[in-house]
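K.L.:
turn this into a structure:
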Amino acid sequence: MQPTILIVDDEKHTREGLRTSLEDSFDVYVASDITSAMNVLENEQVDLVLTDLRLGGEDGMAVIEKALARPHPPVVIMMTAYGGVDTAVEAMKRGAYDFVTKPLNIDRLEILIKRALRSKRVEKEVVELKQKVEKRFGLERLIGHSPVMEEIFDTVKQVAPSRASVLITGESGTGKELIAQAIHGLSGRAREKFVAVHMAAFSAQLLESELFGHEKGAFTGAIERRIGRFEQANGGTLFLDEIGEIDKNTQVKLLRVLGEERSFERVGGSTPVKVDVRLVAATNRDLEKMVAAGDFRDDLFFRLSVVRLHMPPLRERREDIALIVAHFLKVAAEENGKPYRELTADGLVALERYPWPGNIRELRAAIERAVVMAGGPKITLRDLPPTVREGAAAAPTTIAGVKIPAIGKAGGHLNLQETESRMIVRALEETGGNVTKAAKILGISRRTMHRRLAEMRSEETGNASDPTTPSPSHGV
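P.N.:
Numbers count the residues shown, from 1 in each chain. Here you go, the predicted structure:
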């Protein structure tokens, strides 16, 4: 089903010209005044309204207010031959998505319309996603709608009810412990304890005592019996983080407790202690390489990795960044007693382009810093850590002969042309530089795509033509 557009303009030539130009891609209704426009809005589900600023003796601004007052409001774009900053600001204040000046360039107008509809669809999907996430007991703190994260969510839900050991791999800061908690929360052990041990925090001797406990007098300073983490987690889940850091002796003892007997002896003791523990381990190291090098027991590796889950670095799921940022903005504002502020477009672009070596942990710290430092009505590029600003600025590359647009000035917003260029570049990135596939994603013809790429290359060399001049065959 095609999106539905309502065109409101008192000039018949413009109305019908736009209808003819857009009806291949959209279901188009037209209206010449506010009354007829409202009649369409009341009787049809309209996705987007394209309205002129001046409708004879009526004010097109009223169309914005009336359209956005509907129970399921459409996106509104303002058209005007009387363009200017004041007009744009006023239209935005009243809720318009964007505005365009006449004479219109149909190709660019189509891109703007599709971007606006895509934005509306994403907002709806985010709301639906949040509702889904809230219903996912045990997955509430995991945020993402990228294909790789959806696959992880599905795997977690499938493996959680079992007692199989799970090995979670991935770089530091990717959320491995959150996955372990989700597995516990979705399992039949959810009412029992979730016990976490960060293996690299202890020496070999202390780690053995930490895991298995010790008897009174087992070593100097052991003045009483101590219950270890395995016993503490009995009936529940034990999470062993940084499992790749343990020595060979501890590996042998772990192997025994993971055997059929599920038992161990406390340090200094000789009585077997039986436990029922679900084990989840995590590491940022390549255990298979460690096995090949003789640094990690292969039998222990196989026991730990009955099910494997790999958490991707943030740079490999950039489509999740906007959603994660929105969550962290809210959390950081609440935790620091600050008002909630939105992020400017150039700020989000910088966050999406930065490589995030520290992954989600680093992103959260960057957002908290920005929330604390921001003094204006919105969080801007200037409020982000210098490392993020500099790292993002160094990120541009070229694709299909076109340079990825550089980040705008701090606090600035992307204009239509910059946003359009970014959409084209992102589509090319998604398709590996395939122009035909990218054009299909954007909903434009291959010919239009090649023409726009030529314009972008020309702009890079400083030979750009006047972007406001309509194409002879596409202007209205």
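
K.L.:
so where's this structure uncertain?
P.N.:
82-85, 88, 126-140, 395-420, 422, 430, 459-476 (pLDDT under 70).

K.L.:
can you tell me the centre-most residue of this protein?
P.N.:
Nearest to the geometric centre of the chain sits Asp320, at 1.2 Å (Cα atoms, centre = their mean).

K.L.:
next one: phi and psi at the residue nearest to that one when sequence neighbours are not counted?
P.N.:
Nearest residue to Asp320 in three dimensions, chain neighbours excluded: Gly144, at 4.0 Å (Cβ to Cβ, 6 or more residues apart in numbering). The C-beta positions use only the backbone N, C-alpha and C, and glycine is treated the same way. Main-chain dihedrals, Gly144, degrees, to the nearest 10: phi 160, psi 150.

K.L.:
what of Asp276?
P.N.:
Dihedral angles (degrees, to the nearest 10) for Asp276: phi -120, psi 100.

K.L.:
please apply the same query to Ala293.
P.N.:
Residue torsions, per degrees, to the nearest 10, at Ala293 are phi -90, psi 0.

K.L.:
same check, this time on Val388
P.N.:
phi -70, psi -40.

K.L.:
what sits against it?
P.N.:
Contacts here follow Cβ atoms under 8 Å, 6 or more residues apart in numbering; on that basis Val388 touches Ala350, Leu351, Tyr354, Ala366.

K.L.:
dump those to a markdown table, plus neighbour count, secondary structure and distance to Ser421.
P.N.:
Formatted as a markdown table, these follow (neighbours: other Cβ atoms under 10 Å; DSSP: H, G, I helix; E, B strand; the rest coil; distance: Cβ to Cβ, whole Å):
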| residue | neighbour count | secondary structure | distance to Ser421 |
| --- | --- | --- | --- |
| Ala350 | 25 | helix | 16 |
| Leu351 | 24 | helix | 19 |
| Tyr354 | 26 | coil | 20 |
| Ala366 | 23 | helix | 26 |
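
K.L.:
any idea which of those is closest to Glu215?
P.N.:
Ala366 (47.5 Å; Cβ to Cβ).

K.L.:
correct me, but that closest one touches Pro385?
P.N.:
Yes. Counting by Cβ atoms under 8 Å, Pro385 is a contact partner of Ala366 at 5.2 Å.

K.L.:
what's the distance between Ala293 and Ala180?
P.N.:
Ala293 sits 26 Å away from Ala180, going by Cβ to Cβ, to the nearest Å.

K.L.:
swap in Glu110?
P.N.:
From Glu110 over to Ala180 (counting by Cβ to Cβ), the distance is 47 Å.

K.L.:
neighbour count winner among those two?
P.N.:
Between Glu110 and Ala180, counting by other Cβ atoms under 10 Å, Ala180 is the more crowded of the two (26 against 21).

K.L.:
name the element the more buried one belongs to?
P.N.:
helix 176-185 (DSSP states H and E).

K.L.:
so what's the gap between the following helix or strand past that helix and the chain middle?
P.N.:
Once helix 176-185 ends, the next helix or strand along the chain (criterion: DSSP H and E) is strand 194-198. Distance of strand 194-198 from the chain centroid (Cα atoms, centre = their mean, to the nearest Å) equals 28 Å.

K.L.:
shouldn't the residue nearest to the centre of the chain be in contact with His145?
P.N.:
Yes. The criterion here is Cβ under 8 Å, and Asp320 meets it with His145 at 6.6 Å.

K.L.:
which ones are touching Ala233?
P.N.:
Glu192, Lys193, Phe194, Val195, Val275, Val277.

K.L.:
and of those, the nearest to Pro339?
P.N.:
Phe194 (34.4 Å).

K.L.:
who wins on neighbours among the contacts of Ala233?
P.N.:
Val277 (24 neighbours).

K.L.:
please report how far that residue lies from Ala37.
P.N.:
Applying Cβ to Cβ to Val277 and Ala37 gives a distance of 66 Å.

K.L.:
ok, Leu109 next?
P.N.:
For Leu109 relative to Ala37 (Cβ to Cβ), the value is 19 Å.

K.L.:
who has more neighbours out of the two?
P.N.:
Ala37 (27 against 22).

K.L.:
neighbouring contacts of the one helix or strand the more buried one maps to?
P.N.:
Ala37 belongs to helix 34-43 when assigned by DSSP H and E. Under the criterion Cβ under 8 Å, 6+ apart, residues 6, 8, 29, 31, 46, 49, 51, 55, 58, 62-63, 66-67, 70, 74 lie in contact with helix 34-43.

K.L.:
most neighbours among those, please name it.
P.N.:
Busiest of the contacts of helix 34-43 [other Cβ under 10 Å] is Val49, holding 30 neighbours.

K.L.:
now find how far off-centre the helix holding Ala180 is within its chain.
P.N.:
Relative to the centre of its chain, helix 176-185 is centred 19 Å away, using Cα atoms, centre = their mean.

K.L.:
swap in stretch 287-298?
P.N.:
The answer for stretch 287-298 is 34 Å, by Cα atoms, centre = their mean.

K.L.:
buried sites along it?
P.N.:
Under the neighbour-count criterion of 16 or more other Cβ atoms under 10 Å, stretch 287-298 has Leu287, Met290, Val291, Phe296, Arg297 buried.

K.L.:
reformat these as JSON lines; add secondary structure and distance to Glu316.
P.N.:
Shown next, in JSON lines, are those (DSSP: H, G, I helix; E, B strand; the rest coil; distance: Cβ to Cβ, whole Å):
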{"residue": "Leu287", "secondary structure": "helix", "distance to Glu316": "20"}
{"residue": "Met290", "secondary structure": "helix", "distance to Glu316": "23"}
{"residue": "Val291", "secondary structure": "helix", "distance to Glu316": "25"}
{"residue": "Phe296", "secondary structure": "coil", "distance to Glu316": "25"}
{"residue": "Arg297", "secondary structure": "coil", "distance to Glu316": "30"}
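
K.L.:
out of these, who's nearest Arg389?
P.N.:
Of these, the one sitting nearest to Arg389 (Cβ to Cβ) turns out to be Leu287, at 36.5 Å.

K.L.:
quick one, what contacts the closest one?
P.N.:
Leu167, Thr169, Ile243, Gly244, Phe296, Phe301, Leu304, Ser305.

K.L.:
now it: how far from Glu242?
P.N.:
Taking Cβ to Cβ, one finds Leu287 at 11 Å from Glu242.
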